[in-house]
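# take a look and give me a structure for this.
(one chain, ligands or ions: 2)
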Amino acid sequence: MKIYEKAPAKINLMLDVLHKRNDGYHEVEMIMTMVDLSDRLTMSELPRDAIIISSQAGYIPLDEKNLAFQAARLIKERYNVSTGVHIHLDKHIPVAAGLAGGSSDAAAALRGLNKLWRLGISDAELRVLGAELGSDVPFCITGGTALASGRGELLKPLPNPPQCWVILAKPPINVSTAEVYGRVKADQIAHHPSARQMENAIRNASFTEVCNALGNVLEDVTLKLYPEVEHLKNSMIRLGADGVLMSGSGPTVFGLVSKEAKVPRIYNGLRGFCKDVYAVRLLT
Ligand SMILES: C[C@](O)(CO)[C@H](O)COP(=O)(O)OP(=O)(O)OC[C@H]1O[C@@H](n2ccc(N)nc2=O)[C@H](O)[C@@H]1O
Ligand SMILES: Nc1ncnc2c1ncn2[C@@H]1O[C@H](COP(=O)(O)OP(=O)(O)OP(=O)(O)O)[C@@H](O)[C@H]1O
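Numbers count the residues shown, from 1 in each chain. Ligands and ions are numbered 1, 2, ... in the order given. Coordinates of the predicted model:
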């Protein structure tokens, strides 16, 4: 038997850090949604007790460092599964980009293996398992749009934002999420974006209000470390995107665009100096 699962990328429409916790993580408030840029997982049962990861992408680990491997190992151990699985990852989401590529693969593996091995695990239980693998994994289990709190694992579902184009551009640098959080000074954040304002904008289905409510406190850290991210933001604004923000800990910058006619100019303008550019829709 084979199971196919899509693993979409996420963007953070807002991200606020409230304080550093005793366990080393940061208490956050974020509103996340999915975009139509996905990895594709194929999961095939193996009669022997093994987890094999393969991928067409040459630049990701295929051993126990792969989050899909960790997801398979976790579910196998927790539910005493004695057979194995071969997971093929058809990667499309850029790696270490702030788009939760690895987290979404882990979530898709948990969803798919639940079906492959007929375990009957509820979504709520899958989210609890997912939290053991990473803070973004619980959101990626259910997807949609949500307000995340705690370290990212406490989720309140929201309606999807009004449909629009999303231009994603990733400069050729790798950003470590741990390093970015490590440099945040939670008590010195000058401006906190408002989760309430973004939630209201989404509930009002107002594209303009969504653009006005965009904000990410991790930008201050990543933009200081990598000025090319700020350059990319400024270029996207100059080319006419309606709202522009860095996703997660970066370095991917996204631009929200309501009018399709504006998309080619922004896309082509960015492609002039950035290789990794995508024009996609929100996954609504
Ligand atoms: C930046 C975001 O992607 C935005 O959605 C997430 O907040 C991070 O999610 P993630 O990559 O799944 O993060 P994890 O794998 O759980 O943690 C990576 C590292 O980031 C830091 N981290 C992460 C989440 C959080 N709320 N506080 C933290 O300080 C911790 O140092 C942790 O060791
Ligand atoms: N299935 C996977 N796909 C991509 N990267 C993976 C995967 N498994 C492990 N990794 C490793 O995880 C690291 C982060 O990659 P990933 O693409 O998940 O980052 P990200 O998009 O910044 O995630 P987040 O937004 O959740 O912080 C990379 O160094 C990569 O080697």
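
# count of residues packed around residue 190?
Using other Cβ atoms under 10 Å, the number of residues around residue 190 comes to 6. Yep, even glycine has a C-beta here, placed from its N, CA and C like the rest.

# one more: residue 204?
12.

# A helix includes residue 112, no?
Yes. Counting by DSSP: H, G, I helix; E, B strand; the rest coil, residue 112 falls inside a helix.

# for it, what are its contacts?
3-5, 41, 43, 87 (Cβ atoms under 8 Å, 6 or more residues apart in numbering).

# run the last query once more with 7 Å
Neighbouring residues of residue 112 by Cβ atoms under 7 Å, 6 or more residues apart in numbering: 3, 5, 41, 43.

# ok, it to ligand 1 distance?
Distance of residue 112 to ligand 1, computed by Cβ to the nearest ligand atom, to the nearest Å: 19 Å.

# next: residue 42.
24 Å.

# who's in contact with that residue?
Taking Cβ under 7 Å, 6+ apart, one finds 2, 4, 88 in contact with residue 42.

# from the residues you listed, which would you call buried?
In the contacts of residue 42, burial by neighbour count holds for residue 88, counting by 16 or more other Cβ atoms under 10 Å.

# out of the contacts of residue 42, who's near ligand 2?
Residues of the contacts of residue 42 in contact with ligand 2 (Cβ under 6 Å from any ligand atom): none.

# adding distance to ligand 1, write the contacts of residue 42 out as a markdown table.
Below are the contacts of residue 42 laid out as a markdown table (distance: Cβ to the nearest ligand atom, whole Å):
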| residue | distance to ligand 1 |
| --- | --- |
| 2 | 28 |
| 4 | 24 |
| 88 | 23 |
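
# please state the offset of the longest strand seen in the chain from the chain centre?
Of all the segments assigned as strand in the chain under DSSP state E, the longest by residue count is strand 26-46. Remark: strand 26-46 is offset 6 Å from the chain centroid, using Cα atoms, centre = their mean, to the nearest Å.

# list the contacts of the nearest residue to residue 135 once chain neighbours are set aside.
Distances taken as Cβ to Cβ, 6 or more residues apart in numbering put residue 152 closest to residue 135, at 3.6 Å, once the chain neighbours are dropped. Neighbouring residues of residue 152 by Cβ under 7 Å, 6+ apart: 28, 30, 135-136, 139.

# now do 8 Å
Taking Cβ under 8 Å, 6+ apart, one finds 28, 30, 135-136, 138-139 in contact with residue 152.

# what's the spacing between residue 110 and residue 83?
If you measure residue 110 against residue 83 using Cβ to Cβ, to the nearest Å, the figure is 17 Å.

# out of the two, which sits in the busier spot?
Each of residue 110 and residue 83 has its neighbours counted (other Cβ under 10 Å); residue 110 has more, 27 against 13.

# was I right about that one contacting residue 130?
Yes. The criterion here is Cβ atoms under 8 Å, and residue 110 meets it with residue 130 at 5.9 Å.

# give me the common contacts of the two.
With Cβ under 8 Å, 6+ apart as the test, residue 110 and residue 130 both reach 71, 137, 141.

# I'd say the last one and residue 104 touch.
No. Counting by Cβ under 8 Å, residue 141 does not reach residue 104; the two are 9.5 Å apart.

# more neighbours, the two?
residue 104 (29 against 24).
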